[in-house]
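>>> based on what follows, work out the 3D shape:
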Amino acid sequence: MRVPEFDRAGPAGPVSRFIAWLLRISVDPEDKDELRLKKQLLVAASCLIVLASAVWGVIYLVFGEPLAGSISLFYSIVTLISIFYYLRTRRYRLFIFSQLFLGLVLPFTQMAILGGFRNASAVILWSMISAMGALFLYDLRHAIGWWVAYFAVLFLSGLIAPFLRATNNLPPPVNTVFFVMNIAGVSSIVLLMLTYFINQKNEAYRLLRLEQAKAEGLLLNILPEEIAARLKNENLDKDALMRLI
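All right, here's what the predicted structure looks like:
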């Protein structure tokens, strides 16, 4: 099955064209369809993380939270470096691990710096992207480990909450906006990942139906219509087929 192109750029701006270029060069000619899909999805999600982290970092800096802002900007820069390091070395497994690890740990660190779940506007929800990504990029056995780590981080955030700062420098309206941005950002990335995989599944079914139609047409061209119909609807062994012929 040929995976539909994930990197086709329409009438897009320079950022979209740049991402499309990254997606084209993120795969190798010998990659199987499933691996191509995973590589392109990982690079695409990483590009979104670069943009989102940069925006979050600038806002934190503007409103007097330099440490939280530095973490977001660090995340953005390291992710961008990781993308180009992968493109240069093709070390795909290292790329996966680095992105999942950073995505799990840094939002938790940011939450602790800003004073807990509420003061940080649920920024720790970004850690869920790592657990979701593990489901797409690893087998189930490895993915379960990342989900255990995610729930452990959530549990730890609750344990340390009484020992964190009671307030931060973010005004209440900005804190509310961050709540919306964090929930909407995480939901959007998860939705994009699910939508893309659903589209691939639908495309796979479509191609399967085309191949089935071709096979049925070939049977009709070779065998009498009555025999072809029975072959289509029944599981006939070799001897039964010879008796029909």
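>>> ok, which stretches of this structure are helices?
Applying DSSP state H to the chain gives helices spanning 14-25, 33-62, 66-89, 92-114, 128-137, 140-160, 172-222, 225-233, 238-244.
>>> same question for the second one: list its buried residues.
The one in question is helix 33-62. Residues of helix 33-62 classed as buried by neighbour count (16 or more other Cβ atoms under 10 Å): 36-50, 52-54, 56-57, 59-61. (Glycine included, C-beta is placed from N, CA and C.)
>>> which elements pack onto that helix?
Packing contacts for helix 33-62, counted by 3 or more Cβ pairs under 8 Å, 6 or more residues apart in numbering; DSSP states H and E, involve helix 14-25, helix 66-89, helix 92-114, helix 128-137, helix 172-222.
>>> for Gly115, grab phi and psi.
When read as degrees, to the nearest 10, the backbone of Gly115 gives phi 110, psi 20.
>>> I'd like the numbering to begin with 886 instead of 1 from here.
I'll keep to 886 as the first residue from here, and by that count the last item is Gly1000.
>>> that one touches Phe1048, doesn't it?
No - using Cβ atoms under 8 Å, Gly1000 makes no contact with Phe1048, being 10.3 Å away.
>>> looking at the two, which is more packed in?
In terms of neighbours (other Cβ atoms under 10 Å), Gly1000 is the more surrounded of Gly1000 and Phe1048; the figures are 18 against 8.
>>> what about the protein, any weak spots by pLDDT?
Applying pLDDT under 70 to the chain flags the ranges 886-898, 900, 1085-1086, 1100-1130.
>>> can you tell me how far Phe1002 is from Gly1043?
To Gly1043, Phe1002 is 8 Å away according to Cβ to Cβ, to the nearest Å.
>>> turn the helices and strands packed on helix 918-947 into a markdown table, columns for distance to Trp1032 and mean neighbour count.
Output for the helices and strands packed on helix 918-947, formatted as a markdown table (distance: least, Cβ to Cβ, whole Å; neighbours: other Cβ atoms under 10 Å):
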| stretch | distance to Trp1032 | mean neighbour count |
| --- | --- | --- |
| helix 899-910 | 27 | 14 |
| helix 951-974 | 21 | 17 |
| helix 977-999 | 10 | 20 |
| helix 1013-1022 | 5 | 21 |
| helix 1057-1107 | 14 | 13 |
